[in-house]
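Undergrad: no sequence for this one, just the structure:
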């Protein structure tokens, strides 16, 4: 079990007050390019250092071993219950796009709402990142689950707002400026996928490297940048394949007509 550190600054005291309580879900809200994802990773760093959590996962792809990449619901459930004695944090980037209020009865919205009691039972914490509250599923803003939010006006400013109890300053809000950048490397322009089903494994019979790339792109809907390819590189792979398929199909049609 990770040993807790002595807290000797206001920021860490605020983080502890926010996240060291049961059934904690916190929203990070702000416009585009205000440093929401970066700040969520900074929170993960501090929570690991302070011993508030022992493991972190996210649908944000990062470099290094501190954060596990999980972008589908079955894998997330397995991770939550895999080491049930450990406190965990899941960072759900672009949650506002995945769980939009206009799609409140969609399969994904219902699945995420249903996940909330499981987060609590697994002794986990959840950070959801979104652009605005108005477009977010209203069910998830209930104080049963949501204990507060963090407003990001820009990359250097953060305002903690508690819905349930006073923060270390005796008030229900605390502001910090300037906030440092995270030390966890990540691509700020990468997408943050989240699916209800696992990716379909590449068949063992598919040995060709380029066919494997096409499988991930076509079957698992991975964007080109996640495949580590430049668009021109991808074009050089997909064009010959499509050409071959079309020529084979045309040849088959001609044979049938004869």
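TA: That came in fine, so what should we check first? Since the structure is predicted, the reported quantities are computational estimates derived from the model, not experimental observations. Numbering: from 1, shown residues only.

Undergrad: what's in contact with the strand ranked longest in the chain?
TA: Secondary structure of the chain per DSSP state E: the longest strand is strand 146-154. Contacts to strand 146-154, defined as CB atoms under 8 Å, 6 or more residues apart in numbering, come from residues 18, 21, 23-30, 34-36, 39, 133, 140, 158-164. Glycine gets a C-beta too; all of them are placed from N, C-alpha and C.

Undergrad: if I've got this straight, residue 89 is in a helix?
TA: No - per DSSP: H, G, I helix; E, B strand; the rest coil, residue 89 lies outside any helix segment and is strand.

Undergrad: coming back round to it: mean confidence for the longest strand of the chain?
TA: Strand 146-154 comes out with an average pLDDT of 95.

Undergrad: One more: stretch 35-47?
TA: On average, stretch 35-47 scores 96.

Undergrad: Now find how far off-centre that stretch is within its chain.
TA: 12 Å (CA atoms, centre = their mean, to the nearest Å).

Undergrad: which residues of the stretch 1-150 of the chain fall in helices?
TA: 10-19, 36-50, 73-82, 95-98, 107-121 (DSSP state H, counting those that start in this stretch).

Undergrad: mind showing which ranges of the stretch 51-200 of the chain have poor pLDDT?
TA: Across the stretch 51-200 of the chain, the ranges flagged by pLDDT under 70 are 104.

Undergrad: Could you pull out the strands in it for me?
TA: Assigned by DSSP state E, counting those that start in this stretch, the strands in the stretch 51-200 of the chain fall at 55-58, 67-69, 88-92, 124-130, 146-154, 157-162, 173-176.

Undergrad: Just put these in CSV and tack on mean neighbour count and distance to residue 195.
TA: Shown next, in CSV, are those (neighbours: other CB atoms under 10 Å; distance: least, CB to CB, whole Å):
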stretch, mean neighbour count, distance to residue 195
strand 55-58, 22, 14
strand 67-69, 17, 13
strand 88-92, 25, 13
strand 124-130, 26, 17
strand 146-154, 20, 24
strand 157-162, 20, 30
strand 173-176, 16, 34
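
Undergrad: For residue 247, which of the ones you listed is the nearest?
TA: Nearest to residue 247, of all the strands of the stretch 51-200 of the chain, is strand 67-69, at 38.4 Å by CB to CB.

Undergrad: Report the residue ranges of every domain in the chain.
TA: Annotated domains of the chain cover 10-176, 209-257 [automatic domain parsing].

Undergrad: for these, which one ends up most surrounded?
TA: Highest mean neighbour count among those (mean count of other CB atoms under 10 Å): domain 10-176, with a mean of 18.

Undergrad: hang on, the earlier thing: could you dump the domains of the chain into a markdown table with distance to residue 191 added?
TA: Shown next, in a markdown table, are those (distance: least, CB to CB, whole Å):
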| stretch | distance to residue 191 |
| --- | --- |
| domain 10-176 | 8 |
| domain 209-257 | 6 |
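
Undergrad: residues contacting residue 115?
TA: Under the criterion of CB under 8 Å, 6+ apart, the neighbours of residue 115 are 73, 76-77.

Undergrad: Looking at these, which one is closest to residue 114?
TA: residue 73 (9.7 Å).

Undergrad: can you list the residues that contact stretch 130-144?
TA: 23, 25, 27-32, 94-97, 99-102, 104, 109, 112-113, 116, 128, 146, 149, 163-164.

Undergrad: make it 7 Å
TA: With contacts defined as CB atoms under 7 Å, 6 or more residues apart in numbering, stretch 130-144 is touched by 27, 29, 31-32, 95-96, 99-101, 104, 109, 113, 146, 163-164.

Undergrad: Just the local confidence number for residue 253, please.
TA: For residue 253, the model assigns a pLDDT of 56.

Undergrad: now the helices for the stretch 151-258 of the chain?
TA: 209-218, 231-257.

Undergrad: Same list, those helices, but as CSV with distance to residue 168 please.
TA: Shown next, in CSV, are the helices of the stretch 151-258 of the chain (distance: least, CB to CB, whole Å):
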stretch, distance to residue 168
helix 209-218, 46
helix 231-257, 49
